[in-house]
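Asker: Need coordinates for the below:
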Amino acid sequence: MSDPDTVTDPGAATGPDAATDPSGATGSDTTTGAQNSSTEPATPRSAAEGTEAPAGTPAGDRGHVARVLGVLTNADRVQNLILLAVIVIIAAFVTSRQPAFLTWGNLSIAVTGTIILFGLTGLVELLVIIVGGLDISVGSIVGLSSVVGALVWTHTGQNGALAVLSALLIGLLCGLANGLLIIYGRVNPFIATLATLAAFKGIGQVLSDGGAIGSGFASNAIFIFIQRGSVAGLPTQLFILVIVALALAFLLLYTDIGRNVYAIGGNPTAARLAGVNINRYVLAVYLVVGFVAAIAGVILMARQGFGQQTGSVDGLELKAVTVAALGGASLRGGRGGVLGAALAIVLLGFLENGMNVLNINTFWQNVAQGSLLLIAVIAQQRRRKERAIGIPD
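Answerer: The predicted structure follows:
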């Protein structure tokens, strides 16, 4: 699955451990987000220090395996154990007051609620942060995809296949727009996706006249399967989430593409000098983000029975970034694992559903999610003994 046009140097482009060119050479390739400066050496981050890789793992890949799994380094292992402990505490607390909390009936409602939406967007947010970027337009892409799909559905005599394909196409176009702005417009990823967040949202509101659009989805076999069907004993929506998670883990763990993604995020200068085409990778990552966000948009259409730019997609950006941050992704790039992100999805899902079951004001959910994101970022900064601004201690 490696890129045929990419020449990788196993010694120089394996993520955060790669050496930095002392001359600080700069090239035409554009790097993304809050990455390490090309004129400053990256801080070495040994992913397997004091640990052992799984049996049979080549020595050169041990650090990479540890970074992806997020369980073999002391810091990441502690972080994942903390996430697991918090999940258990939330489950025990809510169950003590509402015994039905852990029943399949309640959990299935949670799964088909917003968990799928922020789960899918959170996983691809993890990918884009690992490469050194950021995408806060994912919620707007989800909403716009659902609106365009509903419009096509309405104007093609309720053709489900065309509605789904058009939604996916819009997601790809949105991802392409983000990637081109960042690469060739040389715009900071945060600013670029902040602008497209507003633009995509505005387009969706114009197309839908600010309301819901479309009806009759419950009579179409495709949308019935998405909403109420099952695959291998799992609800279709949960099955899609699991497939995306496994595909992302495989990509990062077993392919040269994944290694190059870590290399770009960890040390873009060393990755470029090793022959990695940074622009191509960054563009591909944003295309993947747009495509998966569009899948979430299709699920939203099936669940709601209409397309809408607002409602369930509001605040989805915060949840997606929180999933990635809680999952161990460094906002500087080059670090993060799917296992941590999966635990973060479960934690946020339990927290949100638990607060609903206990009839806690929904506004407090935003407070809780914002607090979790803040805690995750502070923990990262303290662990690396860094501060973004101000006088050092």
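
Asker: what about the nearest residue to G265 once chain neighbours are set aside, neighbour count?
Answerer: On the basis of Cβ to Cβ, 6 or more residues apart in numbering, the spatially nearest residue to G265 that is not a chain neighbour turns out to be G333, at 3.0 Å. In short, each C-beta sits where N, CA and C put it, glycine included. Here the neighbour count serves as a burial measure; for G333 (other Cβ atoms under 10 Å) it reads 30.

Asker: Can you verify my assumption that G333 contacts G266?
Answerer: Yes: with contacts defined as Cβ atoms under 8 Å, G333 counts as touching G266 at a distance of 6.5 Å.

Asker: Helix, strand, or coil at the residue nearest to G265?
Answerer: For G333, the secondary-structure state derived from DSSP: H, G, I helix; E, B strand; the rest coil is coil.

Asker: Show the pLDDT at it.
Answerer: At G333 the predicted local distance difference test score is 82.

Asker: Run through the helices of the stretch 151-300 of the chain in chain order.
Answerer: If DSSP state H, counting those that start in this stretch is used as the criterion, the helices of the stretch 151-300 of the chain fall at 160-183, 189-208, 221-228, 236-254, 256-266, 268-273, 278-304.

Asker: For V147, which of those is the nearest?
Answerer: Checking the helices of the stretch 151-300 of the chain against V147 by Cβ to Cβ gives helix 189-208 as the closest, at 4.5 Å.

Asker: Just the CA trace of that closest one, in PDB.
Answerer: What follows is helix 189-208 as a C-alpha-only set of coordinates in PDB (Å, rounded to 0.1, in the frame of the first residue of the first chain):
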ATOM      1  CA  PRO A 189      -4.800  24.800   8.800                       C
ATOM      2  CA  PHE A 190      -6.600  26.400  11.700                       C
ATOM      3  CA  ILE A 191      -7.400  29.600   9.800                       C
ATOM      4  CA  ALA A 192      -8.200  27.700   6.600                       C
ATOM      5  CA  THR A 193     -10.600  25.300   8.100                       C
ATOM      6  CA  LEU A 194     -12.100  28.000  10.300                       C
ATOM      7  CA  ALA A 195     -12.900  29.900   7.100                       C
ATOM      8  CA  THR A 196     -14.300  26.800   5.400                       C
ATOM      9  CA  LEU A 197     -16.400  26.000   8.500                       C
ATOM     10  CA  ALA A 198     -18.300  29.200   8.000                       C
ATOM     11  CA  ALA A 199     -18.400  28.900   4.200                       C
ATOM     12  CA  PHE A 200     -19.600  25.300   4.100                       C
ATOM     13  CA  LYS A 201     -22.200  26.000   6.800                       C
ATOM     14  CA  GLY A 202     -23.400  29.100   4.900                       C
ATOM     15  CA  ILE A 203     -23.700  27.100   1.600                       C
ATOM     16  CA  GLY A 204     -25.700  24.400   3.400                       C
ATOM     17  CA  GLN A 205     -28.100  27.000   5.000                       C
ATOM     18  CA  VAL A 206     -28.600  28.700   1.600                       C
ATOM     19  CA  LEU A 207     -29.400  25.400  -0.100                       C
ATOM     20  CA  SER A 208     -31.800  24.300   2.600                       C
END
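
Asker: Give me the packing partners of that helix, helices and strands only.
Answerer: Under the contact criterion of 3 or more Cβ pairs under 8 Å, 6 or more residues apart in numbering; DSSP states H and E, helix 189-208 touches helix 138-155, helix 160-183.

Asker: now G122: how far from N353?
Answerer: Relative to N353, G122 is positioned 16 Å away (criterion: Cβ to Cβ, to the nearest Å).
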